[in-house]
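**Q** whatever this is, show me its structure:
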Amino acid sequence: MRSDNVKTGAERAPNRSLMYALGLTKEEMERPLIGIVDSRNDVVPGHMHLDKITEAVKTGVLLAGGTPLVFPAIAVCDGIAMGHEGMKYSLVTRELIADSTEAMAMAHQFDGLVMIPNCDKNVPGLLMAAARINIPTIFCSGGPMMAGQMSDGTRTCLSDIFEAVGAYKAGKLDDEGLAEYEENACPTCGSCSGMYTANSMNCLTEALGMGLAGNGTLPGIYSARLRMAKQAGMQIMELVKQNILPLDIMTEAAFHNAEAVDMALGCSTNSMLHLPAIAHECGYDLPLDLANAISAQTPNLCHLAPAGPTYMEDLHRAGGVPAVMKELAKKNLIDTSLLTCSGKTIEENLAGAVNRDPSVIRPIDDPFSSYGGIAVLKGTLAPNGCVVKRSAVDPAMLVHEGPARVFDSEEDAIAAIYEQKIVAGDVVVIRYEGPRGGPGMREMLNPTSAIAGMGLDKDVALVTDGRFSGATRGASIGHVCPEAAQGGPIAFVCEGDRIKIDIPACTIDLLVDEKTMNERREQWVRPEPAVRKGYIARYAKQVSDASKGAILE
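**A** Here you go, the predicted model:
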């Protein structure tokens with residue numbers, strides 16, 4: 001066993017002495033040592049209940065003859081961090097989570113790992129760590145939140161309360177109405193109830209083969225999730241026995257499967273940051289352009305919030321990720337021969353999968369659209385690409401041309417939106433919010449939600465080198481590369497310049513002649529770093545651009 005490095009032989013007597021100090025018996029030390037990464041904290045609704053998941057995983061490990069040892073991972077709630085400087089610290093935690101988990105697993109020589117994430121950066125951060133460490137690993141997430149319910153019986157969710165603020169600022173909603181959304185949007189523990197980033201990544205963990213069926217969709221408050229956690233605890237022991245490793249599961253073909261499932265589900269654009277970063281740790285290049293190639297042949301089968309009126313609990317009831325994958329398999333859009341953490345192939349796992357509600361998971365021959373949920377756009381404004389959640393864009397905004405309204409920070413943009421200075425036809429440009437320029441590449445759910453809440457989502461586009469929450473809808477185009485801080489074309493956009501967006505053609509262009517652009521480049525002065533000390537100052541010096549997954553180089 002790998003753990004023999006810390007527990008076997010006379011020379012390891014000091015190590016065993018410290019294990020005795022933990023209360024471990026000789027018998028426990030003789031068993032495989034399983035590290036359990038518990039992301040629980042008291043700050044994040046998606047993580048507040050993970051102690052129960054952890055205890056269930058421990059029970060499963062014990063049932064199967066292992067010794068569970070728990071250690072923590074940090075987690076940020078993007079919703080609480082949204083709209084202020086705290087959001088600079090969200091994306092950057094992905095690397096902290098991966099690094100600290102690697103350090104703990106290597107220092108203590110565990111034989112296997114059970115990862116217990118739930119929210120946005122924990123899932124990709126722990127997948128990155130799993131690839132680096134490459135010992136038997138399984139994921140058991142905390143599960144999604146239930147949708148909320150308003151007094152009139154309609155269901156609601158986090159994206160609705162963000163949009164309600166825009167409606168309130170526009171005078172379309174009063175104090176009482178805002179308070180009702182506030183008190184009902186997030187009714188339970190779990191990752192927020194739409195197809196936002198956390199749920200997107202938990203579903204893609206299933207698609208990659210690193211989580212058991214239901215890991216992405218089984219609601220966090222269901223006792224069935226505790227049973228699944230026990231199964232995960234037992235299954236890690238089987239993975240250790242068979243020496244099935246993350247790199248045996250997360251193959252290049254598995255990432256192609258994940259992108260196909262991404263397109264079918266209509267996942268968050270943040271998946272276009274996280275999948276390339278995870279693939280990088282596995283030794284693969286996952287170019288941004290691949291998304292369009294996969295989208296071109298992968299129909300969009302689901303319209304969950306914010307793209308539509310259904311929620312994660314509906315997706316689970318309809319058959320979850322296995323039902324979606326089975327629809328894709330009918331047209332050979334995924335490779336079903338691949339190994340998974342169940343010890344079986346995808347084909348074997350899907351044998352009993354059934355689409356129980358074609359209104360939630362459209363059949364492959366009757367999709368919401370013939371193309372996938374995400375599009376990568378390129379052109380003179382974004383030579384290295386940018387991304388948009390195509391499935392959440394109103395058809396009226398798929399092609400749009402308008403004057404640029406230029407802001408050098410999220411704060412300036414949101415102030416103009418709240419003051420109703422943005423009008424139909426505008427293209428709001430928010431720059432210097434990229435991985436380096438922010439630094440930290442803030443999510444900007446506030447401005448996109450304000451635009452939607454004011455009823456402008458069918459008339460106004462928003463373009464940024466920052467990023468968006470999975471709760472964002474409308475023609476919200478992020479990850480513009482190169483970013484402004486690197487001297488990308490977005491740095492040279494002036495107020496009133498015309499910008500043309502053609503999402504079906506996957507193009508985005510700044511309609512300014514090259515002579516003028518060269519003059520602007522010559523006059524441009526690179527701004528001083530926004531932050532000069534601390535972790536994110538170091539992060540800004542090492543981070544790559546978004547087209548490479550914002551990995552540290």
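**Q** for the rest of this, base every contact and every neighbour count on C-alpha atoms.
**A** OK.
**Q** report all helices and strands that the least confident helix or strand in the chain by mean pLDDT contacts.
**A** When the helices and strands of the chain are compared on mean pLDDT, DSSP states H and E, helix 445-453 comes out lowest with a mean of 90. Using 3 or more Cα pairs under 8 Å, 6 or more residues apart in numbering; DSSP states H and E as the contact criterion, the elements in contact with helix 445-453 are helix 158-169, helix 410-418.
**Q** got the buried residues for the last one?
**A** Spelled out, it's helix 410-418. Within helix 410-418, the residues that count as buried by 16 or more other Cα atoms under 10 Å are 410-411, 413-414, 417-418.
**Q** turn the residues you listed into JSON lines, including distance to S39 and pLDDT.
**A** Conversion of the buried residues of helix 410-418 to JSON lines gives the following (distance: Cα to Cα, whole Å; pLDDT from 0 to 100):
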{"residue": "E410", "distance to S39": "29", "pLDDT": "94"}
{"residue": "E411", "distance to S39": "31", "pLDDT": "94"}
{"residue": "A413", "distance to S39": "34", "pLDDT": "95"}
{"residue": "I414", "distance to S39": "32", "pLDDT": "94"}
{"residue": "I417", "distance to S39": "36", "pLDDT": "94"}
{"residue": "Y418", "distance to S39": "36", "pLDDT": "93"}
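**Q** need the contact list for the most centrally placed residue in the chain.
**A** Closest residue to the average C-alpha location of the chain: T197 at 3.4 Å, with Cα atoms, centre = their mean. T197 makes contacts with 119-120, 267-271, 469-471, as judged by Cα atoms under 8 Å, 6 or more residues apart in numbering.
**Q** returning to what we had before: quick one: contacts of the least confident helix or strand of the chain?
**A** Residues external to helix 445-453 that are found in contact with it (Cα under 8 Å, 6+ apart): 82-83, 159, 162-168, 410, 413-414, 417-418, 457, 460, 462, 468-469, 471-474, 476.
**Q** ok, the helix or strand in which F71 is found: who's next to it in the sheet?
**A** Here F71, judged by DSSP states H and E, is contained in strand 67-72. Paired neighbours of strand 67-72 in the sheet (DSSP bridges): strand 33-38 (parallel).
**Q** could you export the helix or strand just after the partner strand as PDB, keeping only the C-alpha atoms?
**A** Beyond strand 33-38 on the C-terminal side, the first helix or strand identified by DSSP H and E is helix 50-63. The C-alpha atoms that make up helix 50-63 are tabulated as PDB, following Å, rounded to 0.1, in the frame of the first residue of the first chain:
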ATOM      1  CA  LEU A  50     -21.300  18.600   4.000                       C
ATOM      2  CA  ASP A  51     -20.500  17.300   7.500                       C
ATOM      3  CA  LYS A  52     -23.400  14.800   7.000                       C
ATOM      4  CA  ILE A  53     -22.100  13.800   3.600                       C
ATOM      5  CA  THR A  54     -18.600  13.300   5.100                       C
ATOM      6  CA  GLU A  55     -19.900  11.200   7.900                       C
ATOM      7  CA  ALA A  56     -21.800   9.000   5.400                       C
ATOM      8  CA  VAL A  57     -18.600   8.600   3.300                       C
ATOM      9  CA  LYS A  58     -16.700   7.600   6.400                       C
ATOM     10  CA  THR A  59     -19.300   5.000   7.200                       C
ATOM     11  CA  GLY A  60     -18.900   3.600   3.600                       C
ATOM     12  CA  VAL A  61     -15.100   3.500   3.900                       C
ATOM     13  CA  LEU A  62     -15.400   1.700   7.300                       C
ATOM     14  CA  LEU A  63     -17.900  -0.800   5.900                       C
END
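**Q** what's helix 50-63 packed up against?
**A** Counting by 3+ Cα pairs under 8 Å, 6+ apart, the packing neighbours recorded for helix 50-63 are strand 33-38, strand 67-72, strand 112-116, helix 223-242.
**Q** need the ones you listed in a markdown table (columns: mean neighbour count and distance to H303).
**A** As requested, the helices and strands packed on helix 50-63 are arranged in a markdown table below (neighbours: other Cα atoms under 10 Å; distance: least, Cα to Cα, whole Å):
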| stretch | mean neighbour count | distance to H303 |
| --- | --- | --- |
| strand 33-38 | 25 | 31 |
| strand 67-72 | 18 | 34 |
| strand 112-116 | 28 | 27 |
| helix 223-242 | 21 | 24 |
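**Q** between these, which one is closest to R12.
**A** Among the helices and strands packed on helix 50-63, the nearest to R12 by Cα to Cα is strand 33-38 (15.4 Å).
**Q** what helix or strand does the closest residue to F492 other than its chain neighbours sit in?
**A** Leaving aside its chain neighbours, F492 sits nearest to R520 (6.1 Å; criterion: Cα to Cα, 6 or more residues apart in numbering). Secondary structure assignment for R520, by DSSP H and E: helix 514-523.
**Q** distance check, the residue nearest to the centre of the chain against Y371.
**A** Distance of T197 to Y371, given as Cα to Cα, to the nearest Å: 20 Å.
**Q** in the stretch 301-450 of the chain, mark out all the helices, start to finish.
**A** Across the stretch 301-450 of the chain, reading from the start of the chain, the helices by DSSP state H, counting those that start in this stretch fall at 312-318, 320-329, 346-349, 410-418, 445-453.
**Q** of all those helices, which one comes closest to A296?
**A** Each of those was scored for nearness to A296 using Cα to Cα, and the closest is helix 320-329 (13.5 Å).
**Q** so what's the residue count around E522?
**A** Burial measure for E522: 8 neighbouring residues, criterion other Cα atoms under 10 Å.
**Q** what score does it have for pLDDT?
**A** The score at E522 is 96. That number is its pLDDT.
**Q** do you know how far it is from D509?
**A** With distances taken as Cα to Cα, E522 is found 20 Å from D509.
**Q** where does this structure dip in pLDDT?
**A** Within the chain, no stretch has pLDDT under 70.
**Q** now for the longest strand belonging to it, which elements pack on it?
**A** Assignment by DSSP state E gives strand 399-407 as the longest strand of the chain. Other elements packing on strand 399-407 under the criterion 3+ Cα pairs under 8 Å, 6+ apart are strand 427-430, strand 498-502.
**Q** which of the ones you listed sits closest to G534?
**A** Go through these one by one with Cα to Cα and the one that ends up closest to G534 is strand 427-430, at 24.7 Å.
**Q** and the contacts of the closest one?
**A** Contacts made with strand 427-430 from outside it, assessed by Cα under 8 Å, 6+ apart, are listed as 401-410, 413, 422, 460-466, 499.
**Q** please spell out the PyMOL selection for the buried subset of those.
**A** Filtering the contacts of strand 427-430 down to the buried ones (16+ other Cα under 10 Å) takes a single PyMOL command:
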select buried, resi 401+402+403+404+405+406+407+409+410+413+422+460+461+462+463+464+465+466+499
